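1. I'd like to go over a predicted model; first the sequence, then the structure.
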Amino acid sequence: MEPGVSSERQSRSGALRDWASLLLALAGMSVAGFLSASHLLQLSIPCGASSGCDIVARDPSSVFLGIPVAAFGLGCYMALAGLAMARIMGALHPLWIQVPRVLSGAGLVMSLYLITYSLLKLGVTCLWCMASGLIMLLSYAVHEWSAQVPTRRAAAPKWTFPVAFLLLSVTGAATTLQVRAAIHVAESANINRRALASMPRTELVPESAHILGNPNAPITIIEFGDLQCALCRETFRPLHKLVDSSGGRINLVYRHRPLLGMKGHEYASLLAGLSEIAAEQGKYWEFIDAVYEGQSPGKTSLNISKVLTDLGIEAKKALKRANSSTDLAYTQVKLDLAVAKKLSIVQTPTLIVTSKDVIPEAALPRTLQSVLNLPKFARLLKN
């Protein structure tokens, strides 16, 4: 074989490896970029039919020195992409070959450690971690191969930079779409996502919570509502039916968020207090149902005394207690309001879907089904 032909083939082979390195780095940037954004924005991470990604994201091992581990991966991939681009454009200093080899090797070791930790320590599989690990493995293989070949290359074609820029743009667009898709569900309700993600389940569903349905249901829907809210009234019956038809897979917790000081909600706080008084006699859900039914379209003004009497509650005594904000009946109402304040809930109804070991999701009535269709909840409904 003539030297010129051999040299040309080596040049093409080297260029091919550099392009492969760039493509792998861009794929890694997309994965690590999405994970970094999801961690910083406290977004739920889609993970196939499991919730392993959320469990890994909430584990302390996902943060190092206060920085998401995924952000370190993003930095590594960006460096690999920059070095690959430099080689493609003709910068063939030996360091441009050896540095990516070291970076990808270190990234591979870290990926293998995190995958092993999630599998053995946490007992879950994170598909995004597996994808990043595979990318790092392929990247290391390419750079190891590149380190064994001569560095002489032909001049980069004129189309090199535009194509590389196009690939970078596609990567950025793909990552942005992934993040926006995750934000779409999270922003379906006006709520502090960071506070929701970090709030313990015991605070979302305290021991004093009123639960409709199977107390051990794998999925809990929490409604922050106002008993004079028309949309809450329209939502209550469908939620009740959803619980009844779930086969014990969903339960409902109603928490008070009276819209204090708002016109048309003058008695919302009073009704909240009365519902807790009704709860003392085991009539909590019956009271809420009767109150909403009494405000249905076509009905005249709500007769609170009649509602209480029909439920077998002494109306005069209950109203006297409810007119005192220091009555013990308001303990739960104040607790609910405190949680609503932490979550920045200002509209009713605001729904929260939660389950064990997953990041809760906020929803409005119109987006509830899409939240329940998320893989981490859908699998619980199917099992």
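-> Cool, the structure landed.

2. any idea which helix or strand of this structure has the worst average confidence?
-> The least trusted helix or strand in the chain, going by mean pLDDT, DSSP states H and E, turns out to be helix 160-186, with a mean of 65.

3. got the contact list for stretch 230-245?
-> Stretch 230-245 is contacted by residues 212-213, 221, 223, 225-226, 250-252, 288-289, 292, 295-296, 348-349, 365 when judged by Cβ atoms under 8 Å, 6 or more residues apart in numbering. From N, CA and C alone the C-beta is placed, and that goes for glycine too.

4. wait, stretch 115-122
-> Under Cβ under 8 Å, 6+ apart, the answer for stretch 115-122 is 52, 55-56, 59, 61, 124-126, 129-130, 133.

5. Let's see that with 6 Å instead.
-> With Cβ atoms under 6 Å, 6 or more residues apart in numbering as the test, stretch 115-122 has contacts from 55-56, 61, 124, 126, 129, 133.

6. still on that earlier bit, in helices only, show me the contacts of stretch 230-245.
-> Judged by DSSP state H, helices contain the following of the contacts of stretch 230-245: 288-289, 292.

7. any chance of these in a markdown table, with pLDDT too?
-> Below are the ones in helices among the contacts of stretch 230-245 laid out as a markdown table (pLDDT from 0 to 100):
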| residue | pLDDT |
| --- | --- |
| I288 | 94 |
| D289 | 93 |
| Y292 | 91 |
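
8. related to what we said a few turns ago, what subset of the contacts of stretch 115-122 is buried?
-> Taking 16 or more other Cβ atoms under 10 Å as the criterion, what is buried in the contacts of stretch 115-122 is 55-56, 124, 126, 129, 133.

9. Among the contacts of stretch 230-245, which lie within strands?
-> Among those, the members found in strands (DSSP state E) are 212, 221, 223, 225, 250-252.

10. Filter those residues down to the buried ones, ChimeraX style.
-> Applied in ChimeraX, the following selects the buried portion of the ones in strands among the contacts of stretch 230-245 according to 16+ other Cβ under 10 Å:
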select :212,221,223,225,250,251,252
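
11. coming back round to it: mind putting the buried ones among the contacts of stretch 115-122 into a markdown table with pLDDT, distance to A230 and secondary structure?
-> Shown next, in a markdown table, are these (pLDDT from 0 to 100; distance: Cβ to Cβ, whole Å; DSSP: H, G, I helix; E, B strand; the rest coil):
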| residue | pLDDT | distance to A230 | secondary structure |
| --- | --- | --- | --- |
| I55 | 68 | 39 | helix |
| V56 | 78 | 42 | helix |
| V124 | 73 | 42 | coil |
| C126 | 83 | 43 | coil |
| C129 | 87 | 46 | helix |
| G133 | 90 | 51 | helix |
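
12. That concludes my questions; thank you for your assistance.
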